[in-house]
Each structure stands twice: as C-alpha cells, then as structure tokens.
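Q: One predicted model, sequence on top.
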Amino acid sequence: MRKGYDRNMEFFKKTLDPMIALSAIAILDIFLFLLVGAWTVGGGETMMTGLFAQAVLGEETLARIPFWSLVFKPDASYWKIYISLGMLFGAFVGAVLSKEFYLRYPRRLSEWVLITIGGLLMGIGIRLAFVCNVSTFFGLTPEMNLGGYLSISGIIAGAWVGSMIYKKILEG
Amino acid sequence: MDSAIGEALVAFVFGSVVGLLVQRSRFCNTAALRDAILFKTYRNTKALLVAMMILTIGFTAFMTFGEGNPMHFDVGLNQVIGLFLFGIGMVLAGACTVSTWVKSGEGNVGAMWALLFTFIGMFLFSLVWSANYWPPASASMTGQLNLEALQLGYSNAATLQEKYGIPAVVFGVVQALVLYAIYWAIVRKENAQKIHHDEIAAQHAAAVAE
C-alpha cells in the first residue's frame, strides 16, 4: 500500500517526459472529438470574455455590439469554457502536490509591457482567425482542414517574427 | 452528446487531466516553435509532432466512417493573419492559450496578466468586427469559395473522401508520414548536434591534458 502511494507521489517529484504527456493528451483528445469536438481553448475564452463583458457592461449595452449576438451569444453552459477551467484546476492540483505552487511576478517593467502586448495580440489573433494554437495543432490540422494549414503558416511566420523581436530584446 | 451539463462535465474532466499532464511535463506550445527557431532545441517540438501524428490517424480513421465532430466553418486569409498576430503575441507573452491557464494554476501572475489582456484583445476585436463584419459569421458562411470575403470555403479529410472516393484515413496516413519525416529530420539534426558537441568536448579535454 505504502509502495503504491510512494509510486504515485513519484509522479509529482519528477518532470514527466512531454512525449508521454502529449501522447496521452492526443488519445484523450480523440475521445473528446468523438463526444463533443476536438480540444480547443480560444472559443471558451471568447465566451468568458462575453460573460465578463455582460456582467460589467450589462445585457443591454452588450446587445448593442452585434458580435455578441451574431457570432458569440454569451452562454455559461458552453462546453469549451470548462476545458479552460479544468486546465486551471488540473494545473493547480499538480502544482500543489508537487510543491511548485507559489506566487511569482514578472520582475521588470519591460516584461509587464511585453506580456500586455502579447496578450492583446493573442486575443485579437484568435478572434480574427476563429481559431487558436490548440485548434490549429490539435484539431484542424489532424482533421486535415484547410484552415489548419493556413493557420500553421501564419503561426510559424508569427513565431519567427516574435522570436526575432525577442532576440533583439535579449541582445539589447 | 446532447446534454449541456454532460458536455461541460466531459470538457472539465478532459481539461483537468490536460492541465495536470502539461503542468508535470512542462510542455509549452510557444517553446515548441520559439526554441526550434531561436535555440535549435526540439524537446517540445518533437512531442507536438508525435501528438499530431496520433491525432491525424485517430481523427481521420473515425471520419472515414462519418464519426466524430470535426470543426465546421469557412476558412480564408483571416486564419493566416490571425495566427500570424497570435504567433508574435505568444512569443512576446512567453505563453500560449494552454500555458496561460496552466501557469496561472501554478500561481504565475504574469500568465494571469496575459490571460486578462487576451480577454481585452478579444473584446476590442468584437468592436472592430461589429463595424466591418469581417471575417463572415457562421450564418453567412457558404462552404464555397468566396473571394470577395477572402474565404476559401470548407474542406477536410471527410470532404476529400466524398470528392475522390478514397477513405479519409488514407489521406490521414499520408499526412502522418509527412509529420514523421519532419520528426525524423529533427532527430537526425539532434544526433548531428550531439556528435559535434562530443567532438568539441574531446578536443577541449585533449587541449587541457596537454
């Protein structure tokens, strides 16, 4: 019994090989694909944005912005929201059990600025494309959807430009 | 699956396991691209490629029999531009959609800040969209080529099967082989890097011994 417990706790002491982690995620994603749809994050985040906006601005004000009635009508029961909440929960449990949970802050002002710009670009990019990086690599492309190949071209080009900016900052 | 509660429950369980596995493995999609471009290291890139191979075979095998729930919307130039902006953003923020949630779960305030501004970015985009209505909303998608709206229509492994009469999984196997070729090229490059490093280390050790 004790041995089994120790073996289980080993999982929280060592870093898991990402190849094993991603293979397990891929198999689970196939089940998700059969039940509701492939793994995605951007759609749930958009719905959360709509729900937050509705809470802050009110239903009437939000109704004046056509996007929130024609593209994403705020709906708390939208399944994709719960993937994100699950990831937050699973990561929290993993971090607590492996004693890796602690509050950490970006140290320099420049980091705050980069994260702010990066976050904004991610939000705008997801909505413009109708997809995020997860849908690109774990949904559209494995479904051989043309959108997957368009998205991969975009994200590789963007990551290259981002990396060059990042390199300049590191060198500067 | 019909019930909204059932769907939400399945999604939450899936997300929880993913969050745990990503937290324990330190996998990062941003690193999979950034590290390959900047540092020529491929720990995350190889894992991503293996996952894509499994998914391609799995999805297309079920799509051959009309099973599964593939994404269904028109695609076009907006995917290229949108993911281009996203790609820059994820490298600058040091996190993608998965790692913002996972790192937030670990207590990373920077990741929570990135998440907050992702939401703000989405809201700002909703204002722009409400002024120009591009890219088209689902209701006005036709599934066909629509050059005026810069849309190429809808196609995936199932539509290829329908069009050519070849099982979707055959296309899937071809794509998986292409992904494997990329994986194999990376492994060869890593081996060459290792041999090069070993040679330099041996030369250095010999120089020190002299």
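A: Great, that's in hand. Numbering: from 1, shown residues only, chains lettered A, B, ... in the order given.
Q: Next, name the residue at the spatial heart of the chain.
A: Using chain A here. Residue closest to the mean C-alpha point of chain A, counted by C-alpha atoms, centre = their mean, is A:Val41 at 4.7 Å.
Q: actually it's chain B I care about, not the one you picked
A: B:Asn29 (7.1 Å).
Q: any idea which helix or strand carries A:Gly86?
A: For A:Gly86, the enclosing helix or strand under DSSP states H and E is helix A:79-97.
Q: That helix near chain B at all?
A: Yes: on the criterion C-beta under 8 Å from any C-beta of the partner chain, helix A:79-97 is in touch with chain B at A:79-95. Where C-beta positions appear, they are placed from N, C-alpha and C, glycine not excepted.
Q: Strands of chain B, residue ranges please.
A: Along chain B, counting by DSSP state E, strands occupy B:75-76, B:151-153.
Q: Which stretch among those is buried most, on average?
A: Across the strands of chain B, averaging neighbours per residue (mean count of other C-beta atoms under 10 Å in any protein chain shown) puts strand B:75-76 on top, at a mean of 25.
Q: give me every residue that touches A:Leu62.
A: Taking C-beta atoms under 8 Å, 6 or more residues apart in numbering or on different chains as the definition of contact, the neighbours of A:Leu62 are A:Gly50, A:Ala53, A:Gln54, A:Trp68, A:Pro74.
Q: err, B:Thr41, not the other one
A: Applying C-beta under 8 Å, 6+ apart to B:Thr41 gives the contacts B:Asp35.
Q: and if you look at B:Met53?
A: Residues in contact with B:Met53, defined by C-beta under 8 Å, 6+ apart, are B:Ala176, B:Leu179, B:Tyr180, B:Tyr183.
Q: likewise B:Glu67?
A: The contact partners of B:Glu67, taken as C-beta under 8 Å, 6+ apart, are A:Leu34.
Q: cool, B:Gln151 as well?
A: Contacts here follow C-beta under 8 Å, 6+ apart; on that basis B:Gln151 touches B:Asp74, B:Val75, B:Gly76, B:Leu77, B:Pro135, B:Pro136, B:Met141, B:Thr142, B:Leu145.
Q: which residue packs closest to the last one, ignoring adjacent ones?
A: What sits nearest to B:Leu145 in space, not counting adjacent residues and going by C-beta to C-beta, 6 or more residues apart in numbering or on different chains, is B:Gly153, at 5.1 Å.
Q: farthest residue from the center of chain B?
A: For chain B, the C-alpha farthest from the mean C-alpha position belongs to B:Glu210; by C-alpha atoms, centre = their mean, that distance is 50.9 Å.
Q: tally of neighbours for residue 73?
A: Looking at chain A here, since you left the chain open. The number of residues packed near A:Lys73 is 13, by other C-beta atoms under 10 Å in any protein chain shown.
Q: oops, chain B please
A: Look at B:Phe73: counted by other C-beta under 10 Å, it has 17 neighbours.
Q: A:Glu60 now?
A: A:Glu60 is flanked by 8 other residues according to other C-beta under 10 Å.
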